[in-house]
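Asker: what's the 3D shape of this:
(one chain, ligands or ions: 1)
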Amino acid sequence: MSIVRKLYHTQTARYNGGAIIKNRKRGIDLKGMDGGKYRVHSDEVAKAAQEALQRRGVSIEEIAKIVFEMQEPYNKGLEMAHCIESVESVLLKREMQHALLVGVELDELAEQGKLSRPLQQIIDTDEGLFGVDEMIGLGAVLTYGSIAVTTFGHLDKNKIGVIRELDTKVGGQVHTFLDDLVSSIAACASARIAHRQRDLEEKGKDFKDIPADETAPEMHVDGAET
Ligand code: MG
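Answerer: Residues are numbered from 1 along each chain as shown. Below you'll find the model as predicted:
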């Protein structure tokens, strides 16, 4: 790290630390600072991630269709409604929201020709050896364990449904990151269903015995969704 950079980091840390201590002394709840100078509120991040997906033309239903195709052979009574619920639940995870914000932003900047050389060319042409797009998608599936990791690999290779459409470049659109992000969301939602199925099986039930909103029971627990 250069001396200038070191100095900048030290000064920024001192400034932030000083501001936090000052606010604590004043009795200001730091949670109340969300969306302000120090920390962005989780609701704003969640909304921005969902909007990014919509803006790039990918619906929750299209991702749920991939989940259904992955999980239907193994889960008796599974319906699209369960898959939609699972995708919505995955989109509440901060890891996924952050990955979406980073990936979509880079795709959009590349589309507008706003990145510097040579990154602009690498992302614009979806350079085969780049791999950072896959790593962002892979990083976001780790929360959901080995089933999510192997499903992500399968989707990356076989490009099912909307993933194939995104991978096939149309006009001036850049989806270098988006295809991996969609694979990641679908892989996580599939893994959730696989684990939920075991819980149901042990209670002598299957998916036809539960309504869609029971696919993600933690959604009913305050604070558990993040
Ligand atoms: Mg890609």
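Asker: what is the least confident helix or strand in this protein?
Answerer: Sorting the helices and strands of the chain by mean pLDDT, DSSP states H and E puts helix 3-26 at the bottom, at a mean of 47.
Asker: buried sites along whatever helix or strand comes next after that helix?
Answerer: Once the chain leaves helix 3-26, the next helix or strand it forms, by DSSP states H and E, is helix 42-55. Within helix 42-55, the residues that qualify as buried by neighbour count (16 or more other C-beta atoms under 10 Å) are 45-46, 49-50, 52-53. From N, CA and C alone the C-beta is placed, and that goes for glycine too.
Asker: now do stretch 144-154
Answerer: Quick answer for stretch 144-154 (16+ other C-beta under 10 Å): 144, 147-148, 151-152, 154.
Asker: can you check stretch 188-206 too?
Answerer: 188-194, 196-197, 200.
Asker: alpha carbons of it, as CSV, please.
Answerer: Only the C-alpha atoms of stretch 188-206 are listed here, as CSV (Å, rounded to 0.1, in the frame of the first residue of the first chain):
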residue,chain,number,x,y,z
CYS,A,188,-29.6,-21.4,-3.8
ALA,A,189,-33.4,-21.6,-4.2
SER,A,190,-33.0,-25.3,-5.4
ALA,A,191,-30.8,-26.1,-2.4
ARG,A,192,-33.4,-24.7,0.0
ILE,A,193,-36.1,-26.9,-1.5
ALA,A,194,-33.8,-30.0,-1.3
HIS,A,195,-33.2,-29.4,2.4
ARG,A,196,-36.8,-28.5,3.1
GLN,A,197,-37.9,-31.8,1.4
ARG,A,198,-35.8,-33.8,4.0
ASP,A,199,-37.6,-31.9,6.8
LEU,A,200,-40.9,-32.7,5.3
GLU,A,201,-40.0,-36.4,4.6
GLU,A,202,-39.1,-36.9,8.3
LYS,A,203,-42.5,-35.7,9.3
GLY,A,204,-44.2,-38.0,6.9
LYS,A,205,-45.1,-35.1,4.5
ASP,A,206,-44.2,-33.8,1.1
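Asker: pull the residues that contact that stretch.
Answerer: 63-64, 66-67, 70-71, 74-78, 82-83, 86-87, 89-90, 93, 96, 140-141, 143-145, 147-148, 151, 207, 209-210, 215-216 (C-beta atoms under 8 Å, 6 or more residues apart in numbering).
Asker: now that stretch: how far from the chain's centre is it?
Answerer: Chain-centre distance of stretch 188-206: 22 Å, with C-alpha atoms, centre = their mean, to the nearest Å.
Asker: restricted to buried residues, select the contacts of stretch 188-206 in PyMOL.
Answerer: Buried members of the contacts of stretch 188-206 can be picked out in PyMOL with the line below, counting by 16+ other C-beta under 10 Å:
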select buried, resi 63+64+66+67+70+71+75+78+82+83+86+87+89+90+93+96+140+141+144+147+148+151+207+210+215+216
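Asker: and the ion, which of the contacts of stretch 188-206 contact it?
Answerer: The subset of the contacts of stretch 188-206 within reach of the ion, by C-beta under 5 Å from the ion, is empty.
Asker: okay, and which of the contacts of stretch 188-206 map to helices?
Answerer: Per DSSP state H, helices hold the following members of the contacts of stretch 188-206: 63-64, 66-67, 70-71, 82-83, 86-87, 89-90, 96, 140-141, 145, 147-148, 151.
Asker: taking the centroid of the protein, which residue is nearest it?
Answerer: Met96 (2.2 Å; C-alpha atoms, centre = their mean).
Asker: tell me the contacts of that one?
Answerer: Taking C-beta under 8 Å, 6+ apart, one finds 49, 90, 140, 184-185, 188 in contact with Met96.
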